[in-house]
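Q: Show me the folded form of this:
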Amino acid sequence: MRVTLTRIYHFAGSHRLHSPKLSDEANRTLFRECNNQGGHGHNFFLHVTVTGPIDQRTGMIVNLGPLDAAIQEQVLRKVDHRFYSAEYLQLSEDPAHPEPWIATSENIIRLMYPWVQAALPPGVTLVSVRLDETASNRFEYAGEQPMLQSSDPLECAP
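A: Numbers count the residues shown, from 1 in each chain. Prediction:
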């Protein structure tokens, strides 16, 4: 029997939405107040959803103490009270993150996914990570999933 658990973590951080591929005026038009030169901040909530079998010895799928400590070390230590830039996150040398890297919450949650995955103990599977940026902006990522490309032919059932 597999059970799903979601653990929620709080952290604060800031970012600036700005694309070097756009003019300053286009950035201001597209990103509005999120393009402020000094950035802007959020009180984020990170939802980590995992699944696994119930351990017959403990009755749990994961021991929360070690999980919390691992998430703190592998994830929160890197993002709490930080300004998210490609330079700070050292993405410029990572081929998995081609330039330009824009600090949108969509990109931040994708960046955090492997960090969370690396923090999990054996036997526990990461289902998804969700980042609550505001009460009305939530971003969820479940790893790379095959997606239908726009050039792929669509097949319709008769």
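
Q: now the residue most central in space within the chain, what's its secondary structure?
A: Note on the chain: the residue nearest the mean C-alpha position is I109, at 1.4 Å, using CA atoms, centre = their mean. Secondary structure assignment for I109 (DSSP: H, G, I helix; E, B strand; the rest coil): helix.

Q: so it makes contact with E140?
A: Yes - applying CB atoms under 8 Å, one finds I109 in contact with E140, separated by 7.3 Å. C-beta coordinates here come from the backbone N, C-alpha and C atoms, glycine included.

Q: roughly how far is the helix or strand bottoming out on mean pLDDT in the chain from the heart of the chain?
A: When the helices and strands of the chain are compared on mean pLDDT, DSSP states H and E, strand 82-84 comes out lowest with a mean of 90. Strand 82-84 has its C-alpha centroid displaced from the chain centroid by 14 Å (CA atoms, centre = their mean, to the nearest Å).

Q: got any ranges where this protein has weak pLDDT?
A: 86, 89-100, 145-158 (pLDDT under 70).

Q: Which parts of it are strands?
A: Ranges of strands in the chain, per DSSP state E, are 2-15, 40-53, 82-84, 125-132, 138-141.

Q: what's the burial count for the residue nearest to M1 when sequence neighbours are not counted?
A: In space, and not counting its chain neighbours, M1 is closest to I54: 5.9 Å by CB to CB, 6 or more residues apart in numbering. Number of residues near I54 (other CB atoms under 10 Å) recorded here: 12.

Q: from memory I54 sits against L5, does it?
A: No - counting by CB under 8 Å, I54 stays clear of L5, with 10.6 Å between them.
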